[in-house]
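Participant: Sequence first, then the predicted structure, then my questions.
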Amino acid sequence: MKKICLTPVKNEDWIIESFLAAASLWADIIIIADQQSTDKTEEIARSFDKVHFIKNDSLQYDEAYRQKLLLAEARKFGNDNFILALDADEMLSANFLHSKEWASFFNNAPGTAMALQWANVAPDFANYWTGFQHFPVGFMDDGKEVSGKVLHSPRIPLDSGTIHVKMNEVMLLHLQYTYWERMLAKQVWYQIYERYHYPKKSYVDIYEQYNHFKYLQANASSLPRNWLYNDDINGFSIKLNVSNEPFFWQEQIEQMLQEKGVEYYSKLMIWEYPFMRKYKSQVSASFFSRTLLPELLSIYGGLPNRFYKRWFRNFLIQMS
């Protein structure tokens, strides 16, 4: 049995060196599917011995397509392997190296899924927050095909009979928030993408989905030191390659704004982000949208999922 890591990338040189160093500690093969990166992602990836590098030539963002591409490539190395599908800003917490639950997972039957929980690492690398349920990212390969959707697609094959084994010692370090400016650009892109492609989706639901970090980080806890990688113990520590260059999402954001017009996105709460302020004067929102709505959404986003939150959601949609 081989342990195989599947990772789609596009302009990930800010973190990919640390990601590959971490993945190399457990994976026999790391399959990288690059979608037209214009930074040093490919150069860095090819410098790691365990990396198997392939191209994703799709011109569109499509998570289902890229997962099928990666899974098909993985099966060229056999059909009875363990497969873990990670993004470049994710890595196993370092305590997996001594975890009995990690070691024992590989005794499970084909088709068994490994479910991990995000530990969202704060920019100071001293705190983290969660608030998300375990979700399946790995499995003992049983030959099933992955099916999914363009956005927020399952990473592995799943059906109603899939057995999920939750990891409780080992976490999935999520490093997206350690590079705060990049994270904000990505969240804005997601919101505009949702409005562009799914016009029937409520702007209230879009707000909640892409602004949850504002509320969850308020409940941050101290990050256990044994979750982080250490130069002396692991041979590396997590380092970020921060750049002053515009993030690639910004070009796509501008294209979507130009095609539909800024007003089409006016109800999205994105205009206070630094790189979006230049468009703010073009948003002719109502008095309610300009003044009350941001405050009401802020209250809404922090509410627990109870019946009154659902009432509040309907109220906000009707008022706008």
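Facilitator: Arrived safely.
Participant: This structure: strands as residue ranges?
Facilitator: All strands of the chain, identified by DSSP state E, fall at 3-9, 29-34, 51-55, 82-85, 90-92, 113-116, 118-121, 127-129, 135-140, 164-166, 172-174, 221-222.
Participant: Can I get those in a markdown table including distance to Lys100?
Facilitator: Every C-beta, even on glycine, is put in place using the N, C-alpha and C of the backbone. Shown next, in a markdown table, are the strands of the chain (distance: least, C-beta to C-beta, whole Å):
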| stretch | distance to Lys100 |
| --- | --- |
| strand 3-9 | 17 |
| strand 29-34 | 24 |
| strand 51-55 | 29 |
| strand 82-85 | 16 |
| strand 90-92 | 15 |
| strand 113-116 | 14 |
| strand 118-121 | 19 |
| strand 127-129 | 23 |
| strand 135-140 | 17 |
| strand 164-166 | 13 |
| strand 172-174 | 18 |
| strand 221-222 | 23 |
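Participant: how about these, which one is nearest Ser298?
Facilitator: Nearest to Ser298 among these is strand 127-129 (17.8 Å), distances taken as C-beta to C-beta.
Participant: avg pLDDT for the closest one?
Facilitator: In this model, strand 127-129 carries a mean pLDDT of 97.
Participant: Same check on stretch 95-107?
Facilitator: The model assigns stretch 95-107 a mean pLDDT of 98.
Participant: Name the helix or strand of this structure that has the lowest mean pLDDT.
Facilitator: Scoring the helices and strands of the chain by mean pLDDT, DSSP states H and E places helix 287 at the bottom, with a mean of 60.
Participant: looking at the strands of the chain, which is closest to Ser18?
Facilitator: When the strands of the chain are compared (using C-beta to C-beta), the closest one is strand 90-92, at 7.4 Å.
Participant: Which strands or helices does the closest one pack on?
Facilitator: helix 16-23, strand 172-174 (3 or more C-beta pairs under 8 Å, 6 or more residues apart in numbering; DSSP states H and E).
Participant: pull the longest helix from the protein.
Facilitator: For the chain, the longest helix by residue count, based on DSSP state H, is helix 180-197.
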